[in-house]
Structure formats: structure tokens, C-alpha cells
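>>> Fold the stuff below for me.
(2 chains)
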Number of protein chains: 2
Amino acid sequence: MSGGLDSCVASACARDEGHDLYFLHVSYGQLTREREARAFREIADYYGVKGRLVTTADHLRAVGGSALTDPKIAVPENDLDPSIIPVTYVPFRNANLLSIAVSWAEVLGAQYIYIGVVEEDSSGYPDCRESFFSAFEKTVSEGTRPETDIRIKTPLIRMNKKEIVLKGLELAVPLEKTWSCYRNQKRACGSCDSCLLRLRGFRAAGVTDPIIYVNGSRGNGLRLTIDD
Amino acid sequence: MSGGLDSCVASACARDEGHDLYFLHVSYGQLTREREARAFREIADYYGVKGRLVTTADHLRAVGGSALTDPKIAVPENDLDPSIIPVTYVPFRNANLLSIAVSWAEVLGAQYIYIGVVEEDSSGYPDCRESFFSAFEKTVSEGTRPETDIRIKTPLIRMNKKEIVLKGLELAVPLEKTWSCYRNQKRACGSCDSCLLRLRGFRAAGVTDPIIYVNGSRGNGLRLTIDD
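Below you'll find the model as predicted:
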């Protein structure tokens, strides 16, 4: 649970499917970590989760190689070319996050790990592809106790942002508590990859994004500068 | 590189195969972490490594479930029954360690990750099996950039401790700098799983373990109480 739109909707899916919720939040030196941690707490409170684990993966900042963790690499504007892997890719991040989740899940005896990744509408991260999650699930099966049976659930993986927004509305997700911006912590910038994808999703769904953007408006597509 | 015998010999194998060395050390709340960190530093200095990354995986302590990370679970004596997974198993630890290593390796452009795991002579940890590493390598291929090509190397996986000691002698490994004990930080206890396996290896190889045990002797098998 990063605190973003996708992980919040994925959590709502888990609850909708009848599961008790345990929330994992990992701070890995991303620029907006305080704001994300606040979103995490507010959403965890909203759902009354049965347990929460907040931890760090500082090595992701230490190794760098991404605009999300290295202040010297600028977060790009309007960088949604699907043919290249963007500089916001954090090397092998999802394997790090899922490995933490599996260690916890094995101790809890949990059966499912939900992760709010999106393949088609993502920014081209290799660790957001279905083939990655299939391989990882096999790794979990081989690397845990025989009696442990943990499945990775990716309920949003084939959705686009419009469908995620609509699913969030259907499940009464507190969208106003989520935070997606890669760059700012007070008001969302409206121009980084993550803001663009979010704004595009709300516009396509025909609804107004309830969070406030830097120009003071709510995010009904006003700052959207790409053609789609 | 934990600082133990196996990771030290695995590092020597990597160097013997012509590679530049970068050492990763992960502290995860294990009881002997200060002593292990000292062994790591001394061995890294000995080999003159090109880079070192020291980080934490505190969530492994937070989730507990292992005698290595939870002080309330006793480190057992003479617990080498191969039919059960021992309480020193740290849930999905090697996936956590390898995920950190892959993130670093991808930024470095490194091709090989060496890990000093042992399947047959291990204590029955599921994340020490060849099938686990094969699955993990597939996960790495799926979850990293197309141009990234990282292989997991397990040079010791089919060795027993005798063969590892002999390989260490062959490669002039500084065995006196390594630390294996799960329980103590000043003098090795000689009776935890890890000490027992180490002592058995040295005895079978017909050489004296150069480290000092709690009874003041060097580890030539004096405290070995199992039949093998």
C-alpha cells in the first residue's frame, strides 16, 4: 500500500473478495515519502486494517538509478512514450516489495498478497508485467515452507486508469485520501508521469479527481497536456 | 557476504573465475549482527573489493518467526534433523537478499550474483534449494530491463562442508576472518546448527578450524557431540 490510487483500489478489491486486510508500506527513499506515508496511514485507518507493517528499503535509494530515488535525476514531464523504460523505473522494485510481503505473509499464515500493478497502462516497467508475477509466484512456492501457499493477486493488471477509477467509485474507495504525484508533497504537480496517468484516468471516466493540483484546481483534466 | 564461511568461499570462487568483486552485506536483526559486520569488513578489506553496499532488512526482524531474528525463540542445540525445517529458517530470506543484490547489480551493470548457499548440507531451508534459485533467476529475467542479463551463481550448492573447507584452503580463503556462530559474538558457541556444521566440515577435511570456541580451544571437533 503505497498510498496511491492503484494500491488503494487493489486493497478495496481484496476486501470486496472477503479477506481481512494487513497493509505493508515500504519507504525506499522516494522523493514524496512523507506524503505517501500520510496517505498510507489515512487509508489504513479508513479500512480498519488488522495489521500494518511500515518498513524501509533504503538500499533502493543507495543504489539509485531512478528519478524516484536519486535527486540528481529529474522527474520528467510528459514522459509517456511506451517504447522505452522511463527513468522513474526503480530497479527490481516490485521484487523487493513482494519479498518483504512474502516474509510477513508466511509468518502471518496469509494466503494472498494483493499488489496494485497495471501492465498495459503502466509506464513500461518490466516488473509490472504478468510474466514477472507468474515467475515470482513460482519462486515463492519454491522458496517457502511446504505448508505455505501464497498467491500473488494483481486485480488491476489488465485495467487502464479509467477502469481503475470506475472500480474505485464502485467500491467506495476514499479517492481523496490517495496520493499519486512523484514530485510534490503538498499539491500534486499535475505533470509527472504518475499525475498524467491519474488525470487521464479521471478524465476518461468522466469524473473529477478530488485531490488538489498546483494550479489550485481539482484535477478535472485542466493541466492535461497530452493527446489521447 | 554475511561474513560466514560459505559466503567467503563463494566470493573466492567468483574471484577465481576472473570477476571484479562487489560485496553486499545485509543486517536483518540477526543476534550476531555486529560480529558478522566485522567479519564482512575484514574480508572485504582482504579482497580489496571494488564496491561495498551495507544495508538493512529490518522487516525480517519485525516479522520474526525465526530463532535468528526473534530473541524469544531459542537457538536450538544439535538441531540437524533434515526432515523438518528448523526454527532458524528466516522466512523467504534469500529472496529478500537476492532482490537487493539484483537492484544493485542492475545499476552497476553486473552480470553475476554469487551466493554461498548449500543445498544438501544445509539445514533444510527451502530458499537454499536449486529449484528456488532457478525460479528466482527466471523472475530476474522477467522483472528487469531487456538489456539486463544477471545470472545467479551458487558455486557451493552441491558441496558439503568438508568440500567447502577444502575449496577454501585451495583458494587461500582467510578462514580465520569468517564467523559462523548463530548465538555468540565473542567466541563461537560450538553447539548451534551453524557451529556444528562448520565443525563437522573441518573435522571431515582433517584440518583445524582457526577460530576460537567458548571452551578456549580451536575448533578441531572437540565440542562436536553428534554422530556422523
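>>> Over to residue A:94. Which of the three states is it?
Three-state call for residue A:94 (DSSP: H, G, I helix; E, B strand; the rest coil): helix.
>>> which residues of chain A fall in strands?
For chain A, the strands defined by DSSP state E occupy A:22-27, A:51-56, A:112-114, A:151-153, A:209-212, A:218-219.
>>> what's the burial count for residue A:177?
By the criterion of other CB atoms under 10 Å in any protein chain shown, residue A:177 has 19 neighbours. All C-beta atoms are positioned from the backbone trio N, CA, C, and that covers glycine.
>>> Select the helix or strand of chain A having the lowest average pLDDT value.
Least confident helix or strand of chain A, by mean pLDDT, DSSP states H and E, is strand A:218-219 with a mean of 67.
>>> low-confidence ranges in chain A?
Within chain A, the ranges that satisfy pLDDT under 70 run A:77-83, A:121-123, A:219-228.
>>> That one: helices as residue ranges?
A:5-16, A:33-47, A:58-63, A:93-108, A:130-143, A:161-170, A:193-205 (DSSP state H).
>>> and chain B, which of the strands of chain A is closest to it?
Among the strands of chain A, the nearest to chain B by CB to the nearest CB is strand A:51-56 (4.1 Å).
>>> which residues touch residue A:169?
Going by CB atoms under 8 Å, 6 or more residues apart in numbering or on different chains, residue A:169 touches A:175, A:205, A:207.
>>> Give me the buried subset of those.
Listed as buried from these are A:175, A:205, A:207; burial here means 16 or more other CB atoms under 10 Å in any protein chain shown.
>>> ok, those residues vs chain B, which is closest?
Nearest member of the buried ones among the contacts of residue A:169 to chain B, counting by CB to the nearest CB, is residue A:175, at 28.6 Å.
>>> Would you check that that closest one makes contact with residue A:5?
Yes: between residue A:175 and residue A:5 a contact is recorded at 6.9 Å, counting by CB atoms under 8 Å.
>>> Does residue A:29 touch residue A:69 like I think?
Yes: using CB under 8 Å, residue A:29 makes contact with residue A:69 at a distance of 4.8 Å.
>>> Overlap in contacts, these two.
A:60, A:61.
>>> Looking at those two, which is more packed in?
residue A:69 (25 against 20).
>>> Okay, the more buried one and chain B: tell me how far apart.
10 Å (CB to the nearest CB, to the nearest Å).
>>> Can you name the residues that contact that residue?
A:28, A:29, A:30, A:31, A:60, A:61, A:90.
>>> Which residues are in contact with each of residue A:175 and residue A:5?
A:165, A:168.
>>> quick one: buried residues of stretch A:153-170?
Quick answer for stretch A:153-170 (16+ other CB under 10 Å): A:153-157, A:159-168.
>>> Give the full set of residues in contact with the residue in chain A sticking out farthest from the centre.
Distance from the C-alpha centroid of chain A peaks at residue A:146, with 30.1 Å (CA atoms, centre = their mean). Taking CB under 8 Å, 6+ apart, we find residue A:146 in contact with B:85, B:126.
>>> Torsion angles phi and psi at it?
According to degrees, to the nearest 10, the main-chain angles of residue A:146 amount to phi -60, psi -40.
>>> Now the phi/psi pair for residue A:208, please.
According to degrees, to the nearest 10, residue A:208 has phi -90, psi 130.
>>> what about stretch A:175-189, distance to the chain center?
Centroid separation for stretch A:175-189 versus its chain: 12 Å, with CA atoms, centre = their mean, to the nearest Å.
>>> got the contact list for that stretch?
Outside stretch A:175-189, the residues that reach it (CB under 8 Å, 6+ apart) are A:3-5, A:8, A:30-32, A:34-36, A:38-39, A:42-43, A:46, A:67-68, A:75, A:88, A:165, A:168-169, A:190-195, A:197-198, A:209-214, A:216, A:219.
>>> Tell me the buried residues in that stretch?
In stretch A:175-189, counting by 16+ other CB under 10 Å, buried: A:175, A:177, A:178, A:179, A:180, A:181, A:182, A:183, A:184, A:188, A:189.
>>> which one of those is nearest chain B?
Nearest to chain B among those, with distances taken as CB to the nearest CB, is residue A:182, at 18.4 Å.
>>> ok, for the closest one, nearest residue in space, not its chain neighbours?
Among residues not flanking residue A:182 along the chain, residue A:192 sits closest, at 4.3 Å (CB to CB, 6 or more residues apart in numbering or on different chains).
>>> which residues does the one you found contact?
A:75, A:76, A:77, A:88, A:181, A:182, A:183.
>>> what's the distance between the second one and chain B?
In this view, residue A:76 and chain B are 17 Å apart by CB to the nearest CB.
>>> neighbours of that residue, just the number please.
17.
>>> Quick check: closest non-adjacent residue to it.
residue A:87 (6.3 Å).
>>> Isn't the one you found up against residue A:67?
Yes: at 4.4 Å, residue A:87 and residue A:67 qualify as touching, with contact defined as CB under 8 Å.
>>> what sits in contact with each of those two?
A:73, A:74, A:76.
>>> With distance to residue A:107 as new columns, can those be given to me in JSON lines?
Shown next, in JSON lines, are the shared contacts of residue A:87 and residue A:67 (distance: CB to CB, whole Å):
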{"residue": "A:73", "distance to residue A:107": "36"}
{"residue": "A:74", "distance to residue A:107": "40"}
{"residue": "A:76", "distance to residue A:107": "39"}
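>>> Pick out whichever of those residues sits closest to residue A:94.
residue A:73 (19.5 Å; CB to CB).
>>> Contact partners for the closest residue to that closest one other than its chain neighbours?
Take residue A:73 and drop its neighbours on the chain: the residue closest to it by CB to CB, 6+ apart is residue A:67, 4.2 Å away. Taking CB under 8 Å, 6+ apart, we find residue A:67 in contact with A:73, A:74, A:75, A:76, A:86, A:87, A:88, A:182.
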